[in-house]
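>>> Curious how this folds, go ahead:
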Amino acid sequence: MTDLIAAVEGVLFDVWDPMGVRAEDPHWPRDEYAGYAAGVLELLLNHASDDVVAEHLAAIESEWMGLQPSPLAHRSSVARAARTAVARIRNRVEDG
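Okay, here's the model as predicted:
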């Protein structure tokens, strides 16, 4: 399970990054969005659609971060990237 959370954390930092910390400081701690990874992972493991994950990310952006939600297309691409990362880990575990 730790690998799955780490994979989602990586996507949240590398792809989502609604606060722009990665571009602001290349040495920013990669765990900036770690607190949100478990919720996203739970949605993915329960087969939530990309739209549901994207709306979850919008809620985090607006309710927890006080930001305007990023464009739906961006949030949907984050959902797809997270789903792909989780599937890769799960397939590796099943194959190994």
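>>> got the contact list for the helix-or-strand element of the chain with minimal mean pLDDT?
Within the chain, no helix or strand scores below helix 21-24, which has a mean of 89 by mean pLDDT, DSSP states H and E. Applying CB atoms under 8 Å, 6 or more residues apart in numbering, the set of residues contacting helix 21-24 from outside is 13-14, 17, 28, 32. Any C-beta I mention is one placed from the backbone N, CA and C, and that applies to glycine too.
>>> how far is that helix from where the chain is centred?
16 Å (CA atoms, centre = their mean, to the nearest Å).
>>> next one: stretch 17-35
On CA atoms, centre = their mean, the centre of stretch 17-35 falls 12 Å from the chain's centre.
>>> start to end distance for it?
13 Å (CA to CA, to the nearest Å).
>>> for stretch 43-57, same thing?
So stretch 43-57: terminal residues 11 Å apart, CA to CA.
>>> What's the separation between the residue positioned nearest the centre of the chain and residue 39?
Against the mean C-alpha coordinate of the chain, by CA atoms, centre = their mean, the closest residue is residue 12 at 3.6 Å. Per CB to CB, to the nearest Å, residue 12 is found 10 Å from residue 39.
>>> now do residue 70
In terms of CB to CB, residue 70 sits 17 Å off from residue 39.
>>> sec struct for residue 47, please.
coil (DSSP: H, G, I helix; E, B strand; the rest coil).
>>> cool, and residue 18?
Taking three-state DSSP, the label given to residue 18 is coil.
>>> Kindly list the main-chain dihedrals of it?
Main-chain torsions, residue 18, degrees, to the nearest 10: phi -60, psi -20.
>>> Now do the helices in the protein.
2-11, 21-24, 34-45, 50-59, 72-95 (DSSP state H).
>>> Report the buried residues of the shortest one.
Which is helix 21-24. Under the neighbour-count criterion of 16 or more other CB atoms under 10 Å, helix 21-24 has nothing buried.
>>> Stretch 62-80 too?
In stretch 62-80, counting by 16+ other CB under 10 Å, buried: 69-70, 74-79.
>>> Look up how far residue 44 lies from residue 76.
Taking CB to CB, one finds residue 76 at 13 Å from residue 44.
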